[in-house]
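S.K.: Let me see the structure of the following:
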Amino acid sequence: MSLEQLKSFLRKMQGDDSLKAKVLSASTADDVAQIALSLGYEFSGDELLRFSGKKVGRVTVQKNDVPGEYN
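M.R.: Predicted structure coming up:
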C-alpha cells in the first residue's frame, strides 16, 4: 500500500512546483516522508530510499550520499 502512496505522491509532485521546491530543499528522506504525510500520503523515508533509481512519470528518485562532517 505504501508503494502506491509513494508513486501517487511523486505524480502529484511533478505537477506542483511549490511542493517540488519543498521536497528538493528537504534534508533527509524522512523529511520528504513528513512532507508527504502532511498531504495525506503515507510512506517511510526507508521506503523512499529503496525506491532510488526508479522513475514515476517525469520524476526520478535519487539518493544523495552526503558525507558527514569531520573535525
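S.K.: Only C-alpha atoms from now on, for both contacts and neighbour counts.
M.R.: OK.
S.K.: Now the helix or strand that contains residue 22: buried residues?
M.R.: Per DSSP states H and E, residue 22 falls inside helix 17-25. Buried positions in helix 17-25, judged by neighbour count with 16 or more other Cα atoms under 10 Å: 19, 20, 23.
S.K.: Now do that helix: everything it contacts.
M.R.: 13, 14, 32, 35 (Cα atoms under 8 Å, 6 or more residues apart in numbering).
S.K.: let's see 10 Å
M.R.: With contact meaning Cα atoms under 10 Å, 6 or more residues apart in numbering, helix 17-25 is reached by 9-10, 12-14, 26, 29, 31-36, 59.
S.K.: List buried members of these by neighbour count.
M.R.: 9, 10, 13, 29, 31, 32, 33, 34, 35, 36.
S.K.: Could I get those residues in TSV, plus columns for secondary structure?
M.R.: As requested, the buried ones among the contacts of helix 17-25 are exported to TSV (DSSP: H, G, I helix; E, B strand; the rest coil):
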residue	secondary structure
9	helix
10	helix
13	helix
29	helix
31	helix
32	helix
33	helix
34	helix
35	helix
36	helix
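S.K.: out of the buried residues of helix 17-25, who's nearest residue 44?
M.R.: Closest to residue 44 out of those is residue 23 (14.2 Å), distances taken as Cα to Cα.
S.K.: Quick one, grab the pLDDT at residue 47.
M.R.: We have a pLDDT of 92 for residue 47.
S.K.: Which strand residues bridge residue 60?
M.R.: Listed by DSSP bridges, the beta-bridge partners for residue 60 are residue 55.
S.K.: quick one: it and residue 51 touch, right?
M.R.: Yes: between residue 60 and residue 51 a contact is recorded at 9.2 Å, counting by Cα atoms under 10 Å.
S.K.: Looking only at neighbour counts, state which of these two leads.
M.R.: residue 51 (17 against 13; other Cα atoms under 10 Å).
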